[in-house]
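whatever this is, show me its structure:
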Amino acid sequence: YGSGSRYVSRQRLEAMLENEWVQLLTQLEKTRGSRTRFFSFVDTVSARNYAGTNDSHGWIGLRFQLQPGGPLNDILLHINMRDSSNVLQQEAIGILGVNLIYAAFYLLVTKESFLAGLAEDVKERIEIDFVDFRGPAFSSWDRSTLLAYLVRAGLAEAVFFSSAGAAVPPNEVLYKKAVVLAPGYFGHVDPAHRRIHAQMLAAALEELRKELGETSSAAMGIFCLSAAPLTPEGPAPEIPDLLRRIGALLAEHGEVLLFRQRELYSMTDLVNRYTTAPVRFVIGLSLLIRALDDPYFKLQGRRLEALSRLFAQNVRIYAYPMTAVDLRESIKSFSPTAMEWGETNGWVSAKQLRLAPPLGHLYAYLLASNFLVPMQIPAALAAEA
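Predicted coordinates:
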């Protein structure tokens, strides 16, 4: 199939798809082309090795015609395999391949029916975190909507949106990278709020470079949103609303990961699949309080288990200061924990925040252990205040 940077890559998949299609037409087009709809299915996969030390993932592609002699349509998937053995992974890919071929010919009416058919019998065994397509069969489909739907439908733990327009799966973005993650709701999409978000992430990246003693810009900053409800009893956000918020961040040249879960430890779990380099969260005080105040009832170890999973592998939190007015307004709707704080020119830093025991003892430990790093008020914001 020609040369390529890696065997398990989109570049390799594209070469395989083209080669197999040309060979198919060479052999059968003259004799059957006028009455047959052709398709070509290819995959390139790194299944689980004996020691279980590799990243079990792959690329799957399908080229097909909806009418004999009709135009070409391509659909490309990136998958992560969840089965614990090579044989089971092989079986799951076989099922997914059959699903893909059937869905391409019979379930293209809506993206929902197509993806439901694609995941039948393998939803818990294979994660699909990237989809791309081309051809008239998909003329009414939108790529961003389809990526968001993968998360909302539970087919992916996270998908990636790039301001550069280059669509790639999360593993290619995060591989061996030092990363700053900026989680939030990002409901305000006006220019002033977008600028504050960008400044916060830029300040955190600078903090990480100073921490690592680096002068280069090797670290990567990514905004993080969740497709889960903001509260356990609340409604899940609609895809148009998610895309509105994502679009505002992309407009500021940001990169975005859309996660299925809202907890910070689930974001750590995903990122640590692909990198052992430092991972830093940058969050405002209100989100920090919300994260600490959550009882985490769905975890057996509750709050302590959540924190141990969050900080499991070279992870710290950069706590971004807030104005006292914004902090007071943002926490009154959700936090039962008693707290008080000091102020500096109307701003509150993590050092000035005091939580009532017993949570206050845990908060003090995180500060003293440097798991929680208070950030300074950026000069530009202090001047504006």
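
contacting residues for residue 296?
263, 302, 303, 305, 306 (C-beta atoms under 8 Å, 6 or more residues apart in numbering). To be clear about C-beta, it is placed using only N, CA and C from the backbone, and glycine gets the same treatment.

grab the nearest non-local neighbour of the second one.
The spatially closest residue to residue 302, leaving aside those adjacent along the chain, is residue 296, at 5.0 Å (C-beta to C-beta, 6 or more residues apart in numbering).

tell me the SS of the one you found?
Of the three states, residue 296 takes coil under DSSP: H, G, I helix; E, B strand; the rest coil.

for it, give me phi and psi.
phi 50, psi 60 (degrees, to the nearest 10).

mind giving me the domain split of this protein?
The record's domain split for the chain, according to the TED database, is 10-141, 171-381.

can I get those in JSON lines with mean pLDDT?
Shown next, in JSON lines, are the domains of the chain (pLDDT from 0 to 100):
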{"stretch": "domain 10-141", "mean pLDDT": "95"}
{"stretch": "domain 171-381", "mean pLDDT": "90"}
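
hmm, back to that, now a ChimeraX select for only the buried ones of the contacts of residue 296.
The buried residues among the contacts of residue 296 can be selected in ChimeraX (16 or more other C-beta atoms under 10 Å) with this line:
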select :263,303,306
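
got a list of what the nearest residue to residue 320 once chain neighbours are set aside touches?
In this structure, residue 320 finds its nearest non-sequential neighbour in residue 284, 4.9 Å apart by C-beta to C-beta, 6+ apart. Shown in contact with residue 284 (C-beta under 8 Å, 6+ apart): 184, 200, 319, 320, 321, 322, 330.

again with residue 227
Here residue 227 is in contact with 148, 151, 152, 236, 237, 242, 258, 259, 260 (C-beta under 8 Å, 6+ apart).

in strands only, show me these.
258, 259 (DSSP state E).

looks like residue 349 contacts residue 373 (just checking).
No. In this structure, residue 349 is not within contact of residue 373 by C-beta atoms under 8 Å, at 10.7 Å.

list the buried residues for the helix or strand hosting residue 280?
Here residue 280 sits within strand 279-284, counting by DSSP states H and E. For strand 279-284, the buried set under the neighbour-count rule, 16+ other C-beta under 10 Å, comprises 279, 280, 281, 282, 283, 284.

got it, and stretch 307-318?
Taking 16+ other C-beta under 10 Å as the criterion, stretch 307-318 shows 307, 309, 310, 311, 315, 316, 317, 318 as buried.

same check on stretch 20-36?
Within stretch 20-36, the residues scored as buried using 16+ other C-beta under 10 Å are 20, 21.

SS state for residue 159?
strand.

excluding its backbone neighbours, what's nearest it?
Leaving aside its sequence neighbours, residue 159 sits nearest to residue 147 (C-beta to C-beta, 6+ apart; 4.4 Å).

re the thing from before, and the two most separated of the contacts of residue 296?
Maximum pairwise distance among the contacts of residue 296 (C-beta to C-beta): 12.4 Å, between 263 and 302.

and residue 25, how far from residue 88?
Applying C-beta to C-beta, to the nearest Å, the value for residue 25 to residue 88 is 35 Å.

cool, residue 270 as well?
Residue 270 is 22 Å from residue 88, where distance means C-beta to C-beta.

settle it for me: which of these two has more neighbours?
Legend: neighbour count by other C-beta atoms under 10 Å for residue 270 and residue 88, higher for residue 270 (21 against 15).

can you give me the helices for the protein?
Here the chain has its helices, by DSSP state H, at 10-32, 86-106, 111-118, 143-152, 170-174, 191-212, 239-251, 264-271, 285-293, 302-310, 324-331, 359-368, 379-384.

if I pick residue 263, what's in contact with it?
Contacts for residue 263 (C-beta under 8 Å, 6+ apart) come out as 291, 294, 296, 306.

check residue 174 too.
By C-beta under 8 Å, 6+ apart, the residues touching residue 174 are 220, 271, 273, 274, 275.
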